[in-house]
Structure formats: C-alpha cells, structure tokens
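Visitor: Return atomic coordinates for the entry below.
(chains A, B, C and D)
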4 protein chains.
Amino acid sequence: MNKSRLETFSDGVFAIIITIMVLELKIPESTEFTVIKPLIPVFISYVLSFLFVGIYWNNHHHLMHTAKKVNASIMWANMHLLFWLSLVPFCNGWMGRTNFDKVTVATYGVLLLFCGIAYTLLSKAITKTHSEKTNLTMALEKGNIKGRISLFFYGISVPVALYVHPLVAAAFYAIVAIMWLIPSKAIEKALDGE
Amino acid sequence: MNKSRLETFSDGVFAIIITIMVLELKIPESTEFTVIKPLIPVFISYVLSFLFVGIYWNNHHHLMHTAKKVNASIMWANMHLLFWLSLVPFCNGWMGRTNFDKVTVATYGVLLLFCGIAYTLLSKAITKTHSEKTNLTMALEKGNIKGRISLFFYGISVPVALYVHPLVAAAFYAIVAIMWLIPSKAIEKALDGE
Amino acid sequence: MNKSRLETFSDGVFAIIITIMVLELKIPESTEFTVIKPLIPVFISYVLSFLFVGIYWNNHHHLMHTAKKVNASIMWANMHLLFWLSLVPFCNGWMGRTNFDKVTVATYGVLLLFCGIAYTLLSKAITKTHSEKTNLTMALEKGNIKGRISLFFYGISVPVALYVHPLVAAAFYAIVAIMWLIPSKAIEKALDGE
Amino acid sequence: MNKSRLETFSDGVFAIIITIMVLELKIPESTEFTVIKPLIPVFISYVLSFLFVGIYWNNHHHLMHTAKKVNASIMWANMHLLFWLSLVPFCNGWMGRTNFDKVTVATYGVLLLFCGIAYTLLSKAITKTHSEKTNLTMALEKGNIKGRISLFFYGISVPVALYVHPLVAAAFYAIVAIMWLIPSKAIEKALDGE
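Guide: Alright, predicted model coming up:
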C-alpha cells in the first residue's frame, strides 16, 4: 500500500512533467512561416524530451515492480530522481529556444547525467532493502549495461557539445533514446515468467 | 498491477491535457465586448477539443479493459498515442487564436488523423498480445467501423479546410465527435454481460 | 475497476483545476503595496473558488461512493460536470482581476448554476442505473435540499450582481459555500453504518 | 476505499504543486551570464520549496497510513492543508524573484507556519477519530517534537527576516528541511513491525 502511493505520486509528477513541456511550444498568432520557423527546434527538442521522460517512466515502472516494500531511503532516492526530472522542461525549453546552442546542449547533457545518477542511486536503495534475487532483478541488472552506456554517452556529450558541435551531442542523446526503445528480451521474459 | 500503473499514468496525462487547454482562454482585463470577442472562437475550439480528449479517454478506458497484461509494445504504443494527444492543446489554441484559419484547421485534422492512427496501433498491439476473444473485444472490433469513419473524415477534412472552407472541415470534426457521443449498444451489452 | 478509473481521472482533473487557479496570483516583481494591492481581490476569489472546487470534490466523492457500476451515460454526465468545473479558473481569474466587476460576478453565478445542474444530471444518471436504495443514497437525497438551495442562490445571484451590487452576489456564494462546509449528520451516519 | 480517493486527490495536488513551481524558472532567451544570473536565487528557492513539499508529502503519507477511516472533519482538515500548500509556488516565486527580499522571506515563513498548523490540525482530526493507539501513531507522536521545533523556527524566522537578515531566516528554513530529511528510526521501526 505504501508502495502504491509512491507510485501514484510519481506517476502524477511524470505525467505533469511530460505534459507541461508542451506549453513551451508557444502558440503563434498567425500562420506565416517566419512565425512558425523558430518553433521547429522547440518541437524537435520536445520530441527528444518526451522520449526521455517516457523511458524514465518505463524504467521506473520496472524498477518499482521489483520493490516489495518502501522505506525512507527509497522514498528520498525517488524524490531526488523526480527533482532532476522536474528540470527537464526547463533545460528542454532552453535548448529549443536557443536553437540548440552549445551551452544549452551541454547543460541538457549534465541534467541527463544527474537523472541517470539519481536513477542508479534509487535502484541501489531498492537492492539494498531487498536481499532476495528474482528473475526480474537479475534481468534489470543485465539491463544496467544500457544504463552504463547511457551515462558514458551523457558524460562525453558535454565536452562534445562545447568543443566539437552541439548537434553531434544531440545525436548522442537520440542514439541513447533509440537504444532504450529497443525492448529488452530478458526483462520481457522475466515479466512473462512471473 | 502492471496495467494499473499504465492506466494511472495515462489518466494523469489525459487529465492534464484536458485541463491545461483552458489556460488558452486568456483572462481579459476588462468586461468590454471588444476584449471578449476574440475569446469566442477560442472557446468553441476548447469545447471541440474537450470533447475529443474526452472521447479518447472513454475509448482508451474500454480498450484497456480488454487487456489482461501489458508488455513493452503496448507501453510504447500507449506512449505514442499520448504524444499526439499532448499536441492537442497547441493545435487547439492555434486554431482558436487565428479564428479557424484554414492552415490551422487543416493542421488540427492532421493531428486528429495521427491520434486516430496511434489509437489503431495501440488496439493492434493489444489484440496481438491477447489471443482469446471476449465479447468486449468483438464489440470493440465492430466499433472499429466508427474508427474508420473518423479516419476517413479526418483525412478528407485536410484538403476541405485548405481548398473548400475551414468551417466545413470544422463541421466534419463536430460530426465525428457527435457520432462518438452516441453510445455503442454492443459495447454496453458486452460490459453488462461480464 | 471501471469505476476506479473514472475516479482517478476525475481526481486528476479536480486536483489540476484547484491548483492551476493559483497561477492567476501573478507573482509581483517587488514588495511595494501598490504592486500587491491588485492581488487582494484575486486572492479572495481564489479562496472562494478553492472552497467550491473542494465542495464539489467532496460531494463527487460521496456520489460515486453510491455507484456500483459505471455506464456510458454516467461517464458522459461526469465529463459534462468536469467541463463546467474546468471553466472555474477562468471565471475566477476574471472576477478577481476586474475587482469583482458586476458582469464577471454574474458570469461566475451562471457558471456555478451550470456546475450545479451538471451535478444534478450526474446524480440522476447514477440513480437511474442503480435501482436499490442504500442508506447513503437516501441521505444524499435529503442532502439534495442543500443542492436546491444552492441552485436557488446561484440563480438569483445573477440579477443581484447586475442590478443590486456584485458584492451582495459574492456574499451569496460565500453563504452557499459555508452551508456546504457544515457536515451533513445524515451522510456521516450512513457512511458509518456501512 | 474512501481513504484511497483522498490519497489519490492529495497526491495529485502534491504532484502538481511540486511541478508547477518549476514554471517560475523562466526560460532565458540566450546563454549570457547576465540573463542567467537572476535565475540563481529562483533556483535556490525552488530547491528549498521542492524539499518542503517533498517533506509534507512524506509526512502526509505516514499520517494517512495511521488513519483507518475518513470522515468530513478529516477531509476538510486535509483540504485546509492543501490550501496553504497550494500557495507555496506563489511565495516561493516571489522570494526567488525579489532575490530573498526581507518581506518575501518573512511571508514565506508565515506560510510555512500556516502549513505547519494545518498539518497539526489534520493529525488531531485523525487522532480524534481513531481511539486505538498503534506503534506508528506513537512513533508519530514522538515525531511531533520535530513538528514543534519546526513551528518554533518558522515563528521566529518572521521577525528575524524583517529585523536581522533575510538570509538568516532562509538558513533557518534550510535547517528545518535538513532536520526532516534525517529519517526517524522510531517511524521506520514501527512501519517494519507491522
């Protein structure tokens, strides 16, 4: 029961984050192309951020599925993750509005890095509380490879955005997102086997 | 349990989409008619979009009722539907603010078409996962006729908005909405029979 | 299960309506009294609207408690109620920003009247579907007296706002709200007896 | 069931409050430091308010866990708490935007005081309804010491902000927040023992 309220609250925060980002798509007063043009980068960054928040919700869903009980450290680790995710609309809007300026793309990478670290801390807090290993926890651990690849890409995207080209860094983010969209067979099997 | 979190999250997104649209009704500083007049098309398009999101929520509700389990493809098909629905407040506001300009009415039709396709994909993802046929799934399949009529109307409304008159296309949207408001006897019976 | 999703969705809409109203309290750039002064009527109307939405949530809660199953007519009657409630932030903000101008106070009364009618229709849709009478339904029927008094006050507040004084009409709204705050002993007993 | 709807609604309001605060971080149009600089106090106050709302959600969670049934007085005590919490984004934004001006820091303290009093009233309403004492209620009563320390700090922070220095008062708020972050061993044990 404990757990279900944590999930309801988190689902609410996820739902609001993903939906208020669209408010950044300022409604134009006319239909002229010059008015619509600055919305294109904002829309692209919206698609990217929608994907990231969706991926986090999806992973959060699997992670919480492995938790049987919830204690204070899990609660605060979850709140810590939600804090960084709540900054996604800001960084996303900044990146879109400045047409993928290098500073904003690097900031977005730093934010994704913090989100990734917070997620890792949450998954550690859950593992620490639950000693028994289920098929799903083992599948999630394998899935950690994806998590480590993501952190690596986020980490290098910061200097890449600043010193190579911001669009190369943005491409890195897209690659990470697509990697997560490919469903993990191990997780699917473990969930089926339950 | 899996399924209930998907529903909670989707309900949150539906609730936010339907409610933030009202923020487009910019509060006037006075009560003069010249100040209120531009709000009339915004209000009409709000009513229309409220109906559409309400219809989608209603159908989503029935569709999810037929699903016994949830896998990655259902999750992402659902996220895909929510993505297009999340753009309804933007297109709705644009249409209202430009007083049903033909380009914005056509864009709204394209968006409804994408929402309709995403809904069809979601219902296919669910059917694929569940082999057994219940009364409700069969009733929903019959209800697909409504879905196909909607897609047809959305499709023709785009050229109609651009080359005939935007208000004719807007009338098509209203007809589709009213069609969905008439409850399907087959679905009601199937739900009762359970 | 059917019912629980209707409640989750409605709770989401109620929660968002009640919270986005606070966005009307535009944050001042300084602490000078001339800057804060126009916020006072906005704050008073916020308190009033918070009460009304809270009362509706409370009554909705009791009403749904009496429903055992949900059909299309209940769903749409509920959506209809949420539609009028979704306009509360707009009318509330308009009333606050124009410092309780008579036109806006009358409009607020019209909106409360529509909300009240929509609530009555929802409660009729539920009664029609459920033939058996429980203690709670009978207590709610008695509670209808409160509902009728409210509709009466909303109805006369419109001409009162326009032709007597808007603050008299606003006082009527406050009286109705206070009347609802006094808990109904009949409902409490019926809920206890379950 | 009664209780679960109260929790869903409250979770929705908590989730929205915590997320709309981030809208106060106005997205800058460029990446120049002069443009970003005024965001720093807004960001700091955001972190502080996120913590406070998170702490209230956490405590609300524990408090509701002790309630077996919900009556009208609990419902309205809960609504009263949500009312004051709904003003956090406003006071938070005002404090951030005026760079921790003494009047706004004192107002924030007054608001926290009202929130604290409302929380105490809610916990009294629950205790009154439930005569039996569980381990958790007793642990929560001990936890009341934290609550009293908080009220004391909020109370003195108002004159401190006005007559000593606003940053001293802000430091008091931070101390209170950190105090709540330290998990109560008694509560953890009581929850474990269930």
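Visitor: tell me the contacts of residue A:48?
Guide: Each residue near residue A:48 by Cβ atoms under 8 Å, 6 or more residues apart in numbering or on different chains is listed here: A:92, A:170, A:173, A:174, A:177. Every C-beta, even on glycine, is put in place using the N, C-alpha and C of the backbone.
Visitor: Which residues does whichever helix or strand the second one is part of contact?
Guide: This means residue A:170. Taking DSSP states H and E as the criterion, the element that holds residue A:170 is helix A:166-181. Among residues not part of helix A:166-181, those counted as contacts by Cβ under 8 Å, 6+ apart are A:48, A:51-52, A:55, A:58-59, A:100-102, A:104-106, A:108-109, A:112, A:146, A:149-150, A:153-154, A:156-158, A:160-161, B:76.
Visitor: Give me the buried stretch members for it, please.
Guide: Residues of helix A:166-181 classed as buried by neighbour count (16 or more other Cβ atoms under 10 Å in any protein chain shown): A:166, A:169, A:170, A:172, A:173, A:176, A:177, A:180.
Visitor: out of those residues, who's nearest chain B?
Guide: Proximity of the buried residues of helix A:166-181 to chain B, judged by Cβ to the nearest Cβ, is greatest for residue A:180, which lies at 10.2 Å.
Visitor: Buried among the contacts of helix A:166-181? Need that as a selection in PyMOL.
Guide: Selection command for PyMOL covering only the buried members of the contacts of helix A:166-181, criterion 16+ other Cβ under 10 Å:
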select buried, (chain A and resi 48+51+52+55+58+59+100+101+102+104+105+106+108+109+112+146+150+153+154+157+158+160+161) or (chain B and resi 76)
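Visitor: where does residue A:30 land in three-state SS?
Guide: Using DSSP: H, G, I helix; E, B strand; the rest coil, the three-state assignment for residue A:30 comes out as coil.
Visitor: Any idea how many residues pack against residue A:87?
Guide: 19 (other Cβ atoms under 10 Å in any protein chain shown).
Visitor: what about the one helix or strand residue A:103 maps to, near chain B?
Guide: Counting by DSSP H and E, the element that carries residue A:103 is helix A:102-129. No: using Cβ under 8 Å from any Cβ of the partner chain, no contact is recorded between helix A:102-129 and chain B, whose separation bottoms out at 15.9 Å.
Visitor: likewise stretch A:144-155?
Guide: No: if you take Cβ under 8 Å from any Cβ as the test, stretch A:144-155 misses chain B, and the best it gets is 13.3 Å.
Visitor: Please compute how far that stretch lies from its chain's middle.
Guide: Average the C-alpha atoms of stretch A:144-155, do the same for its chain, and the two points are 12 Å apart (Cα atoms, centre = their mean, to the nearest Å).
Visitor: Now tell me what touches stretch A:30-45 from outside.
Guide: Contacts of stretch A:30-45 with the rest of the structure, by Cβ under 8 Å, 6+ apart, involve A:24-26, A:28-29, A:92-93, A:95-97, A:99-100, B:98, B:101, B:103-104.
Visitor: And for stretch A:6-16?
Guide: Among residues not part of stretch A:6-16, those counted as contacts by Cβ under 8 Å, 6+ apart are A:53, A:56-57, A:60, A:64, A:70, A:74-75, A:78, A:82, A:85-86, B:5, B:8-9, B:12-13, B:15-16, C:12, C:15, D:7-8, D:11-12, D:14-16, D:18-20, D:57, D:61.
Visitor: all helices of chain A, in order?
Guide: Using DSSP state H, the helices found in chain A span residues A:2-20, A:33-36, A:39-66, A:72-86, A:88-97, A:102-129, A:135-159, A:166-181, A:185-193.
Visitor: Tell me which of those helices sits nearest to residue D:129.
Guide: Taking Cβ to Cβ as the measure, the helices of chain A were each checked against residue D:129, and helix A:2-20 came out nearest at 19.9 Å.
Visitor: List the buried residues of the closest one.
Guide: Counting neighbours by 16+ other Cβ under 10 Å, one finds that the buried residues in helix A:2-20 are A:2, A:4-20.
Visitor: Also compute the angle for it relative to helix B:2-20, please.
Guide: Between the axes of helix A:2-20 and helix B:2-20, defined by axes from the mean of the first three to the mean of the last three Cα atoms, to 10 degrees, the angle is 40 degrees.
Visitor: how distant is helix A:2-20 from the center of its chain?
Guide: 14 Å.
Visitor: any idea of the mean pLDDT for it?
Guide: Helix A:2-20 comes out with an average pLDDT of 88.
Visitor: Kindly report the same for stretch A:161-177.
Guide: Averaging pLDDT along stretch A:161-177 yields 92.
Visitor: okay, that stretch in PDB with CA atoms only?
Guide: Only the C-alpha atoms of stretch A:161-177 are listed here, as PDB (Å, rounded to 0.1, in the frame of the first residue of the first chain):
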ATOM      1  CA  ALA A 161      28.700  19.900 -27.300                       C
ATOM      2  CA  LEU A 162      31.100  22.600 -26.200                       C
ATOM      3  CA  TYR A 163      34.200  21.800 -28.300                       C
ATOM      4  CA  VAL A 164      33.000  19.700 -31.300                       C
ATOM      5  CA  HIS A 165      29.400  20.600 -32.300                       C
ATOM      6  CA  PRO A 166      26.200  20.700 -30.300                       C
ATOM      7  CA  LEU A 167      24.300  18.700 -32.900                       C
ATOM      8  CA  VAL A 168      26.800  15.800 -32.500                       C
ATOM      9  CA  ALA A 169      25.900  15.800 -28.800                       C
ATOM     10  CA  ALA A 170      22.200  16.000 -29.600                       C
ATOM     11  CA  ALA A 171      22.700  13.000 -31.900                       C
ATOM     12  CA  PHE A 172      24.200  11.100 -29.000                       C
ATOM     13  CA  TYR A 173      21.100  11.800 -26.900                       C
ATOM     14  CA  ALA A 174      18.900  10.500 -29.800                       C
ATOM     15  CA  ILE A 175      21.100   7.300 -30.000                       C
ATOM     16  CA  VAL A 176      20.700   6.700 -26.300                       C
ATOM     17  CA  ALA A 177      16.900   7.200 -26.600                       C
END
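Visitor: What parts of chain A come near chain D?
Guide: Listed as neighbours of chain D in chain A under the rule Cβ under 8 Å from any Cβ: A:1-2, A:5-6, A:8-9, A:12-13, A:15-17, A:20, A:23-24, A:71-73, A:75-76, A:79, A:82-83, A:86-87, A:89-90, A:93-94, A:97-98, A:101, A:103-104.
Visitor: Buried residues of stretch A:112-130, list them for me.
Guide: With the criterion 16+ other Cβ under 10 Å, stretch A:112-130 contains buried residues A:112-116, A:118-123, A:125-127.
Visitor: Now the terminal residues of stretch A:26-39, how far apart.
Guide: In stretch A:26-39, first residue to last residue: 8 Å (Cα to Cα, to the nearest Å).
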